[in-house]
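# Curious how this folds, go ahead:
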Amino acid sequence: MDSVIETSRLLLRELTLDDADTLALVLSDPVSMRYYPAPFSAEKVRQWILWNVENYRAHGFGLWAVILKETGELLGDCGITLQDIDGKLLPEIGYHIRKDYCGKGFATEAAAACIDFAFGKAKYDAVYSYMREDNVPSRRVAEKNGMTFVRCFKKEISGHVVNEVLYTIDKERG
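As a prediction, the model looks like this:
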C-alpha cells in the first residue's frame with residue numbers, strides 16, 4: 001500500500017486489518033496503554049482499525065500506520081481524527097508508539113508530519129492534541145511540535161472520567 005506521508009525515517013500509510021497483530025503490540029500492551037482506561041482486547045484493536053478505515057473514507061485522514069523505513073516494521077499509529085472538544089468536532093493529532101521505540105523521536109516526527117498534512121492537504125487553520133494530564137511523554141511530543149497548552153478539562157472515556165490537557169497550534173505558528 002502506498003504511503004500517505006513520508007518523513008526522513010518514517011512512512012505513514014493506511015491501516016488494514018492485516019496490521020491488527022502488530023498494532024496490538026502497542027494498543028494491547030499495559031505499559032503503552034497506561035494512560036487509557038485499559039489496554040485494548042484483540043477485538044478492540046480490530047474495531048480501532050475499522051474506525052480508522054471509515055475515517056479515511058469519510059474524511060481523507062485518520063490514524064495511519066507508522067512504518068520505520070529502515071526495516072519496514074510497524075511502530076504504532078499516528079494521524080488526525082475528529083474529536084469532540086467543547087461540543088465541536090475538531091482535528092486532533094494522536095499517536096501511539098510501541099514502548100520499545102519510545103524516546104527515539106518517532107512520535108514527534110510522525111506528529112509533525114501530520115500537523116503539516118492537517119494544514120496543507122486537509123486545510124485546517126488549527127489542530128489540537130489532548131491527553132491525560134499525567135501523560136508527560138505525550139505532552140512533550142506536543143510541545144516539541146510547537147503546540148501550546150490551552151487548558152485542563154475533564155472527559156469521559158469508556159465510562160471513566162479523566163483529567164485531560166488540551167494543546168493547540170494554528171497555521172500561522174505552524
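# Residue 11 bridge partners, please.
residue 6, residue 67 (DSSP bridges).
# where's it relative to residue 94, distance?
Remark: distance between residue 11 and residue 94 (C-beta to C-beta, to the nearest Å) = 18 Å. The C-beta positions use only the backbone N, C-alpha and C, and glycine is treated the same way.
# try residue 143
In this view, residue 143 and residue 94 are 16 Å apart by C-beta to C-beta.
# and what of residue 65?
13 Å.
# So between the two, which is more surrounded?
Set residue 65 next to residue 94 and count neighbours by other C-beta atoms under 10 Å: residue 65 wins out with 26 against 20.
# With adjacent residues omitted, what lies nearest to residue 76?
Distances taken as C-beta to C-beta, 6 or more residues apart in numbering put residue 97 closest to residue 76, at 4.0 Å, once the chain neighbours are dropped.
# Please name the residues that touch the one you found.
Residues in contact with residue 97 (C-beta atoms under 8 Å, 6 or more residues apart in numbering) are 26, 32, 66, 75, 76, 78, 106, 107, 110.
# Need the three-state assignment for the fourth one.
Translated: residue 75. Recorded secondary structure, residue 75: strand (DSSP: H, G, I helix; E, B strand; the rest coil).
# wait, isn't it in contact with residue 105?
No. Judged on C-beta atoms under 8 Å, residue 75 makes no contact with residue 105 at a distance of 11.4 Å.
# Okay, now the unreliable bits of the protein?
1, 174 (pLDDT under 70).
# quick one: the helices in it?
Remark: helices assigned in the chain by DSSP state H are 20-27, 42-59, 106-119, 136-144.
# What is the burial count for residue 159?
With other C-beta under 10 Å as criterion, residue 159 counts 6.
# Also the one 5 residues further on?
Summarising burial for residue 164: neighbours were counted as other C-beta under 10 Å, giving 18.
# do the same with residue 91
Residue 91 has 24 neighbouring residues, counting by other C-beta under 10 Å.
# ok, back up a step: closest one to residue 39 out of the contacts of residue 97, please.
Nearest to residue 39 among the contacts of residue 97 is residue 32, at 7.7 Å by C-beta to C-beta.
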